[in-house]
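> Dropping a prediction and its sequence here:
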Amino acid sequence: MADINLRYATALFNLCVKDNCLSQCLDQAIVVRDVLETTECRQILAHPHIPSQEKITFLHSVFPCVVHAYLGDFLALVITRRREQILVPALTAFIELGRRAQGYLGAQVTSAVPLRDSQRSALQHVLSRKLGKQVDLSMEVDPALIGGIRIYVDGRLIDRTVQKQLYDMKNSIKSGEGL
């Protein structure tokens with residue numbers, strides 16, 4: 001399923017780059033994706049007995065003249081092909097492609113407790129400096145980590161959690177390295 005999301009996202013991305021409207025479509029795609037994630041929209045789009053044309057009409061009523069033609073055509077194409085379930089993932093992939101093209105990277109940060117604003121900005125600054133690109137942080141809290149932080153950015157995982165340290169210690173003792 002991820003492959004089809006990326007194919008649709010890449011097609012939209014290439015059109016936007018070709019016509020030099022990437023920035024405008026990116027801003028709109030973020031709003032559209034966020035609206036499509038609401039319960040009401042998900043229920044309507046996922047309903048198997050609502051015809052595709054009614055779903056398209058519904059989206060036109062939600063986004064009247066707000067979206068770029070490419071984005072509107074993208075939404076209509078996905079719905080016409082009865083692939084409503086990939087709308088949000090494909091838009092997310094498009095946003096990621098566009099942000100990457102603009103020099104931004106997304107980082108998924110998981111911590112045991114919520115980070116303070118000063119910690120978030122310091123982490124963002126360090127990652128941006130190390131990676132040479134502006135980094136957007138997406139924060140998540142997971143108390144199971146016990147302490148520390150886990151960062152997934154640009155295909156890399158940086159795991160400095162207490163959970164990981166305990167796991168490594170356990171494996172070290174099992175293998176006899178700690179003796």
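The structure has been received and is ready for your questions. Predicted model only: the values in this text are computed from it and were never measured.
> Could you check the helix ranked longest in the chain and say which residues are buried?
Secondary structure of the chain per DSSP state H: the longest helix is helix 2-18. Across helix 2-18, burial judged by 16 or more other Cβ atoms under 10 Å covers 5, 6, 8, 9, 12, 13, 15, 16. Quick note: C-beta positions are derived from backbone N, CA and C, even for glycine.
> Test my guess that the last one contacts residue 95.
So that's residue 16. No. Contact criterion Cβ atoms under 8 Å: residue 16 and residue 95 do not qualify, at 11.3 Å.
> Please identify the helix or strand for residue 28.
Using DSSP states H and E, residue 28 sits in helix 22-36.
> what residue ranges in the chain score low on pLDDT?
1-2, 65-66, 177-179 (pLDDT under 70).
> re earlier: distance between the longest helix of the chain and the chain's centre?
Helix 2-18 sits 14 Å away from the centroid of its parent chain (Cα atoms, centre = their mean, to the nearest Å).
> what's the answer for stretch 51-63, then?
24 Å.
> Can you give the distance from stretch 10-19 to the centre of its chain?
18 Å.
> Equivalent analysis for stretch 32-46, please.
Put simply, stretch 32-46 sits 16 Å off its chain's centre (Cα atoms, centre = their mean).
> Sort out which residues of it are buried, please.
Neighbour count says stretch 32-46 has 32, 33, 36, 41, 44, 45 buried, by 16+ other Cβ under 10 Å.
> Farthest-apart pair in the residues you listed, please.
Pairwise distances across the buried residues of stretch 32-46 (Cβ to Cβ) peak at 15.6 Å, for the pair 33 and 44.
> picking up where we left off before, now for residue 16 and residue 95: what residues contact both?
Counting by Cβ atoms under 8 Å, 6 or more residues apart in numbering, the common neighbours of residue 16 and residue 95 are residue 26.
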